[in-house]
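> Below are the sequence and a predicted model for it; my questions follow.
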Amino acid sequence: MSCRNVASRLNAYLDGELSARDREQVEQHLGECGRCREALERLRAVADALTQLPTPPAVPEGFANRVLARVPLRAEPQPVVVQLWRSFPLARRVAAAAALVLGIGLGALMARDVTRASPKTSSAADPNAVYRLDFLSDAPEGSLVDAYLALASGANGGGE
Amino acid sequence: MQAAAGGDMDAFADLVRRHQRSAWNAAWRLLDDAAEAEDAAQDAFLKILDAAPRYRPRASFRTYLYRVVTRLCLDRMEKKRPRYVDQLPATPSAYLGPPETLARRESTDTVRRALDALPARQRAAVVLRHYEGLSYQEIAEAMGVSAKSVERLLARARESLADRLQEFRKE
């Protein structure tokens, strides 16, 4: 192993993260190279210095209770649909949202095409024929059905 | 964890009590501020509760906890204004434990200042390795990077610490 290779593996060597074979090669090099040994000593000095810091204080008293006290504030019951939606991974949710947007967009486009293709006269068609109300034509004058037919014809025909 | 996911608050309370020490230690080391560390550790447990229905045990729960704590702390560290070495308090942390000699105090303060001056991700790698005893793979999972990146982060951090320690000792 060259000095450059060893230098790049010294941290892993110090941390015991090298395979047995790599460790052996590094150690062999260290046995022959004073400069790399010095570099290792420098790293060891840093590791030793870090041990001088005090250990953290005890967990603050009542910590667990304070965590638990925050739970009901946040855990407002949500509808099953929302819970189900949230249980899906983000990628699936994004895909579903994209499919929905695409569906609505395509639907709107198709609706526009259908509207353009429809004959303009459709709005002027006789509602009695369109809705098959012919069977009501025998209704007596002044009856509710007669009034409804008059209203339907009038509304459609623009006051004919 | 599965019981907590199913809404069993006793199971969640048990989980918090069993792992609070790990969460608190890591947060305190990373943030160097007791109030912030408590906030971050509390947030970590609440985040874990939120994510419990989606939790799939790939590694140990401890590794998962470190991942949540580390990410929350990194967010806080990166949002904070950078702390310049000369702005750090000259006195050591209040948590010094038993009385120490003046020389020891100065030395402790020097190390703390050098550690505080590291960029957030390097500091996180050092804390997780040196104080929490995590392997490169565990640190990688906690920080969302590769084990190779952890090795590089540690190499840069230790190089920088060695320089700073030398510099501070000359002062």
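Received it, and whenever you're ready, just let me know what you need. Numbering: from 1, shown residues only, chains lettered A, B, ... in the order given.
> alpha carbons only for contacts and neighbour counts from here, please
Fine.
> what does chain B put close to chain A?
With the criterion set to C-alpha under 8 Å from any C-alpha of the partner chain, chain B comes near chain A through B:13, B:16-17, B:20-21, B:24-25, B:28-29, B:38, B:42, B:45-46, B:53-54, B:95-97, B:107-108, B:111-112, B:130, B:135-136, B:151, B:154-155, B:158-159, B:161-162.
> if I look at A:Val81, how far off is A:Ala97?
Taking C-alpha to C-alpha, to the nearest Å as the measure, A:Val81 and A:Ala97 are separated by 15 Å.
> For B:Leu31, which non-adjacent residue is closest in space?
B:Ala37 (6.1 Å; C-alpha to C-alpha, 6 or more residues apart in numbering or on different chains).
> What mean pLDDT does the host helix or strand of the one you found get?
In the assignment (DSSP states H and E), B:Ala37 maps to helix B:34-51. Here helix B:34-51 scores 93 as its mean pLDDT.
> contacting residues around the helix or strand following it?
For helix B:34-51, the succeeding helix or strand toward the C-terminus, using DSSP H and E, is helix B:61-79. Contact with helix B:61-79 is made by B:19, B:22-23, B:26-27, B:30-31, B:40-41, B:43-44, B:47-48, B:120-121, B:124, B:138, B:141-144, as judged by C-alpha atoms under 8 Å, 6 or more residues apart in numbering or on different chains.
> Now which of those would you call buried?
Neighbour counting with 16 or more other C-alpha atoms under 10 Å in any protein chain shown marks B:22-23, B:26-27, B:30-31, B:40-41, B:43-44, B:48, B:120-121, B:124, B:138, B:141-143 as buried within these.
> Among those residues, which ones are in helices?
B:22-23, B:26-27, B:30-31, B:40-41, B:43-44, B:48, B:120-121, B:124, B:138, B:141-143 (DSSP state H).
> hang on, the earlier thing: now do the helix holding B:Ala37 against helix B:61-79, angle only.
130 degrees (axes from the mean of the first three to the mean of the last three C-alpha atoms, to 10 degrees).
> where in chain B is pLDDT low?
Applying pLDDT under 70 to chain B picks out residues B:1-7, B:81-106, B:168-171.
> What residues does chain A have near chain B?
A:11-12, A:17, A:42-43, A:45-47, A:49-50, A:52-54, A:56-60, A:63-64, A:66-68, A:71, A:87.
> For the residues you listed, I'd like a selection string for ChimeraX - just the buried members, please.
Only the buried members of these enter the following ChimeraX selection, criterion being 16+ other C-alpha under 10 Å:
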select /A:11,12,17,42,43,46,47,49,50,52,53,56,59,63,64,67,68
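> What about the residues of chain A next to chain B, which are in strands?
Among those, none falls in strands (DSSP state E).
> Tell me how far A:Arg112 lies from chain B.
In this view, A:Arg112 and chain B are 42 Å apart by C-alpha to the nearest C-alpha, to the nearest Å.
> For that residue, what is the enclosing helix or strand?
Assigned by DSSP H and E, A:Arg112 falls within helix A:90-117.
> what mean pLDDT would you report for that helix?
86.
> Which positions within it qualify as buried?
Buried residues in helix A:90-117 (16+ other C-alpha under 10 Å): none.
> Quick one: distance of it to the chain centre.
Counting by C-alpha atoms, centre = their mean, to the nearest Å, helix A:90-117 is centred 19 Å from the centre of its parent chain.
> domain ranges for chain A?
Domain segmentation of chain A under automatic domain parsing yields A:3-50, A:85-118, A:120-157.
> These into CSV, with extra columns for distance to B:Tyr64?
Compiled in CSV, these are given as follows (distance: least, C-alpha to C-alpha, whole Å):
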stretch, distance to B:Tyr64
domain A:3-50, 21
domain A:85-118, 18
domain A:120-157, 65
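> circling back: the residue nearest to B:Leu31: how many residues sit nearby?
The criterion is other C-alpha atoms under 10 Å in any protein chain shown. On that basis, B:Ala37 has 23 neighbouring residues.
> Would you mind pulling the contact partners of stretch A:58-74?
B:13, B:16-17, B:20-21, B:24-25, B:38, B:42, B:45-46.
> Which among the residues you listed count as buried?
When the contacts of stretch A:58-74 are checked for burial by 16+ other C-alpha under 10 Å, the buried set is B:13, B:16, B:20-21, B:24-25, B:38, B:42, B:45-46.
> Quick check: the two most widely separated of the residues you listed?
Comparing all pairs in the buried ones among the contacts of stretch A:58-74 by C-alpha to C-alpha, the longest separation belongs to B:Ala13 and B:Asn25, at 18.5 Å.
> Can you name the residues that contact A:Glu17?
B:135-136.
> Read off the pLDDT value for it.
96.
> again, but for A:Ala129
So A:Ala129 comes in at 69 (pLDDT).
> Then the one 3 residues further on?
The confidence metric pLDDT takes the value 72 at A:Arg132.
> Dihedrals phi and psi, it?
In terms of degrees, to the nearest 10, the main-chain angles of A:Arg132 are phi 50, psi 60.
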